[in-house]
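Trainee: Here is a sequence with its predicted model. Questions after.
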Amino acid sequence: MANITLKGRRVSGGVAEGPALVSKQTIGFYGGLDPNSGIFIEKGHELEGQKVTGRVLVFPRGKGSTAAPYVLYSSAKRGNSPIAIINIEADAIVAVAAVMSDIPLVDKLDQNPLEVINNGDWVTVDADKGVVKITTGKSKT
């Protein structure tokens with residue numbers, strides 16, 4: 001096990017911790033996430049069938065339409081959203097989605113999060129400070 005601390009930019013404030021769900025693919029919430037279940041439904045996506053609820057979602061950036069923030073907001077209102085988001089570089093759609101949904105979001109970390117964070121790693125996101133702490137090889141779930 002290793003403890004790693006990354007520093008980056010706050011996009012949407014807040015603090016959360018939980019197990020990581022990592023995708024090397026971009027994510028479009030509209031047509032990609034079922035807000036009623038918190039399950040990714042985009043056909044062929046590496047996260048298809050995975051549940052995001054209560055997890056720290058790590059992915060490069062968003063894709064898709066301006067309806068995406070409403071899907072994430074709807075998911076959050078139902079208790080089916082990620083507890084935090086980490087991007088390589090957040091696009092405007094994901095940034096708006098996180099702010100609307102009150103989900104901590106950080107990006108522009110001093111290391112590529114896709115190279116440091118693995119599925120199941122325990123991740124603490126302190127977006128207010130722009131700090132991400134990772135315990136690799138161990139999940140508290």
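Mentor: Right, received. Where do you want to start? Just so it is clear, the model here is predicted, and its values are computed rather than measured.
Trainee: From now on I want contacts and neighbour counts done on CA atoms only, so please keep to that.
Mentor: Noted.
Trainee: can you give me phi and psi for the closest residue to Tyr70 other than its chain neighbours?
Mentor: Among residues not flanking Tyr70 along the chain, Ala97 sits closest, at 7.0 Å (CA to CA, 6 or more residues apart in numbering). Torsion angles at Ala97 (phi, psi; degrees, to the nearest 10) stand at phi -60, psi -40.
Trainee: Please apply the same query to Lys133.
Mentor: Per-residue torsions, Lys133: phi -110, psi 130 (degrees, to the nearest 10).
Trainee: now it: how far from Val52?
Mentor: For Lys133, the distance to Val52 (CA to CA, to the nearest Å) stands at 19 Å.
Trainee: ok, now Thr66?
Mentor: Distance, Thr66 to Val52, by CA to CA: 21 Å.
Trainee: neighbour count winner among these two?
Mentor: Val52 (23 against 16; other CA atoms under 10 Å).
Trainee: Could you report the pLDDT at that one?
Mentor: You'll see Val52 listed with a pLDDT of 98.
Trainee: for Ser139, same thing?
Mentor: At Ser139, the pLDDT value in this model is 56.
Trainee: go on, Ala95?
Mentor: The pLDDT attached to Ala95 in the predicted structure is 96.
Trainee: Assumed Ala95 was part of a strand.
Mentor: No - counting by DSSP: H, G, I helix; E, B strand; the rest coil, Ala95 falls outside a strand, being helix.
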